[in-house]
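Trainee: Build me a model from this:
(2 chains)
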There are 2 protein chains.
Amino acid sequence: MKKAVILLSGGLDSATVLAQAQQQGFICYCLSLDYGQRSSSELLAAARVAKAQGAAAHRVLQLDIGQLGGSALTDKTIEVPTGGVQPGIPVTYVPARNTLMLSFALAWAETLGAQDIFVGVNAVDYSGYPDCRPEFIHAFEVLANLATKAAVAGAKLTIHAPLMALTKAQIIQVGMQLGVDYSLTVSCYQANEAGYACGVCDSCRLRKEGFSLTQHLDPTRYFNALDQC
Amino acid sequence: MKKAVILLSGGLDSATVLAQAQQQGFICYCLSLDYGQRSSSELLAAARVAKAQGAAAHRVLQLDIGQLGGSALTDKTIEVPTGGVQPGIPVTYVPARNTLMLSFALAWAETLGAQDIFVGVNAVDYSGYPDCRPEFIHAFEVLANLATKAAVAGAKLTIHAPLMALTKAQIIQVGMQLGVDYSLTVSCYQANEAGYACGVCDSCRLRKEGFSLTQHLDPTRYFNALDQC
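Mentor: Below is the predicted model of the structure:
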């Protein structure tokens, strides 16, 4: 069995990706990055998901970018938008976040001797984020295959982004078929410590809309009971 | 005047690169990464160099890779080799270090609105490190130009690696012409807290050999007086 590093945020997408990697027979090493995100309940969710899905290991590394500012997710002086998803790149975009996260995954993959990294980006629902595009993932794979000792020795590293072309509803369908327990996940940009979601940030809206297009009930717990289905 | 982010380690190479960027008229924002390197005197040296050379700012970010292990520079159970430079990739190689450092530089460049990043890698003296090769730097530049909000808006980001094809002796010549004070820099992999160098690790050997091929005296302070020229 081959090892893989899975970037696990604690949200719906990466929990699905972990299940997909496991179904493909990988021994899964889950990596979460603590980048000072508003909602630390995401990281608690990642730990729950890793445990529930039987990952071989789960590590949380610090990603020290809070002091650089520039995002509503790391800078509390910038408000998380709650008025609905708008066109363009939102203020919740974190500069170079996926580049940084994939770089950490690459470092761990190299020390583990793993040649596979899984990441839950998707270009459909998050078309506003530049580092969720297929061409970005491809460019990172090219870089990774030049960057490491293993690459010099001829090992081929693959970046798997199996959700790339799926809608949120399709992702939920895939995950439900694989037995993912979405009640353990937290998607909200400003969830409270207990993991209750706001229901109105972009991430909540996309998740709610996704569930509404499936036959599955949304197990998310919301602050506001009116959001509960 | 344009802003640039300069990766500043506290060693000889990056101090030279800072001087080159300044000569080209950039306002320089220096970034050092604390990755649990054995020698914290490197980071103190970076602060001295940034101040002495008049950088606009100097930031130290934590790079949390120590717990991943896999390198003599971050894992104290692996000894730093002192027997002389050997062919192949040395145990002082840190997995994905330059990928990670350039990713942090990219994040800061994006929040600053800078389109230029300078890095002191060179492929001649450190041919053993995969992430010091020109093709690696080129691949990172391609990635950077897909990864950011600025890239989507059409801004072109450039990774400058002006030392790429220079020997250590040539780098020292360039720096001396630009007035770099190499007595402020620390290159040793295991320098002590006061900045004294071991004289026998690969980095010390390459630095000593570099100075010996120029007409300049090596201002490095060594533990062992016999190493002093």
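Trainee: moving C-terminal of the longest helix along chain A, what's the next helix or strand?
Mentor: Counting residues, the longest helix in chain A under DSSP state H turns out to be helix A:97-112. Per DSSP states H and E, helix A:97-112 leads on to strand A:116-118 as the next helix or strand towards the C-terminus.
Trainee: Return the alpha-carbon coordinates of the longest helix of chain A using PDB.
Mentor: Extracted C-alpha coordinates of helix A:97-112, given in PDB (Å, rounded to 0.1, in the frame of the first residue of the first chain):
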ATOM      1  CA  ARG A  97      -2.500  29.900   0.700                       C
ATOM      2  CA  ASN A  98      -2.800  26.900  -1.600                       C
ATOM      3  CA  THR A  99       0.800  27.400  -2.800                       C
ATOM      4  CA  LEU A 100       1.900  27.300   0.900                       C
ATOM      5  CA  MET A 101      -0.300  24.400   1.900                       C
ATOM      6  CA  LEU A 102       0.800  22.300  -1.100                       C
ATOM      7  CA  SER A 103       4.500  23.200  -0.200                       C
ATOM      8  CA  PHE A 104       4.000  21.900   3.300                       C
ATOM      9  CA  ALA A 105       2.300  18.700   1.900                       C
ATOM     10  CA  LEU A 106       5.300  18.300  -0.400                       C
ATOM     11  CA  ALA A 107       7.800  18.600   2.500                       C
ATOM     12  CA  TRP A 108       5.900  15.900   4.500                       C
ATOM     13  CA  ALA A 109       5.500  13.700   1.400                       C
ATOM     14  CA  GLU A 110       9.200  13.800   0.900                       C
ATOM     15  CA  THR A 111      10.100  12.800   4.500                       C
ATOM     16  CA  LEU A 112       7.400  10.100   4.400                       C
END
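Trainee: For it, which helices and strands make contact with it?
Mentor: Under the contact definition 3 or more C-beta pairs under 8 Å, 6 or more residues apart in numbering or on different chains; DSSP states H and E, helix A:97-112 sits against strand A:3-7, strand A:27-34, strand A:116-118, helix A:134-147, helix B:97-112, helix B:134-147. For glycine as for every other residue, the C-beta is placed from the backbone atoms N, C-alpha and C.
Trainee: which residues touch the worst-scoring helix or strand of chain A on mean pLDDT?
Mentor: Lowest by mean pLDDT, DSSP states H and E among the helices and strands of chain A is helix A:149-152, with a mean of 84. Residues external to helix A:149-152 that are found in contact with it (C-beta atoms under 8 Å, 6 or more residues apart in numbering or on different chains): A:Glu110, A:Gly113, A:Gln115, A:Ala144, A:Asn145, A:Leu157, B:Ile89, B:Tyr93, B:Pro95, B:Pro130.
Trainee: what sits against the last one?
Mentor: Counting by C-beta under 8 Å, 6+ apart, B:Pro130 makes contact with A:Leu146, A:Ala147, A:Thr148, A:Lys149, A:Ala151, A:Val152, B:Ile89, B:Tyr93, B:Phe136.
Trainee: Same list, those residues, but as a markdown table with distance to A:Leu102 and neighbour count please.
Mentor: Shown next, in a markdown table, are the contacts of B:Pro130 (distance: C-beta to C-beta, whole Å; neighbours: other C-beta atoms under 10 Å in any protein chain shown):
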| residue | distance to A:Leu102 | neighbour count |
| --- | --- | --- |
| A:Leu146 | 14 | 20 |
| A:Ala147 | 11 | 30 |
| A:Thr148 | 13 | 25 |
| A:Lys149 | 18 | 19 |
| A:Ala151 | 15 | 20 |
| A:Val152 | 19 | 17 |
| B:Ile89 | 22 | 16 |
| B:Tyr93 | 19 | 22 |
| B:Phe136 | 15 | 25 |
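Trainee: State the pLDDT value of the residue of chain A most remote from its centre.
Mentor: In terms of distance from the mean C-alpha position of chain A, A:Ala153 ranks first, at 30.2 Å (C-alpha atoms, centre = their mean). Note on A:Ala153: pLDDT of 85.
Trainee: Am I right that A:Ala19 is in contact with A:Gln53?
Mentor: Yes - at 6.3 Å, A:Ala19 counts as touching A:Gln53 under the criterion of C-beta atoms under 8 Å.
Trainee: which residues are in contact with both of these two?
Mentor: Shared contacts of A:Ala19 and A:Gln53 (C-beta under 8 Å, 6+ apart): A:Val180.
Trainee: which residues does A:Glu141 contact?
Mentor: For A:Glu141, the contacting residues are A:Leu157, A:Thr158, A:Ile159, taking C-beta under 8 Å, 6+ apart as the criterion.
Trainee: Just the buried subset of the residues you listed, please.
Mentor: Buried subset of the contacts of A:Glu141 (neighbour count, 16 or more other C-beta atoms under 10 Å in any protein chain shown): A:Leu157, A:Ile159.
Trainee: so which of the contacts of A:Glu141 comes closest to A:Gly36?
Mentor: A:Ile159 (25.1 Å; C-beta to C-beta).
Trainee: Within the helices and strands, which one has that closest one?
Mentor: In this structure, A:Ile159 sits in strand A:158-160 according to DSSP H and E.
Trainee: for the longest helix of chain A, what is the average pLDDT?
Mentor: The pLDDT scores in helix A:97-112 average 93.
Trainee: Report the inter-axis angle for that helix versus helix B:134-147.
Mentor: On the basis of axes from the mean of the first three to the mean of the last three C-alpha atoms, to 10 degrees, helix A:97-112 is oriented at 140 degrees to helix B:134-147.
Trainee: Compute the inter-axis angle for helix A:97-112 and strand A:3-7.
Mentor: On the basis of the same axes, to 10 degrees, helix A:97-112 is oriented at 160 degrees to strand A:3-7.
Trainee: Number of residues surrounding A:Gln215?
Mentor: Look at A:Gln215: counted by other C-beta atoms under 10 Å in any protein chain shown, it has 8 neighbours.
Trainee: Right, I'll leave it there.
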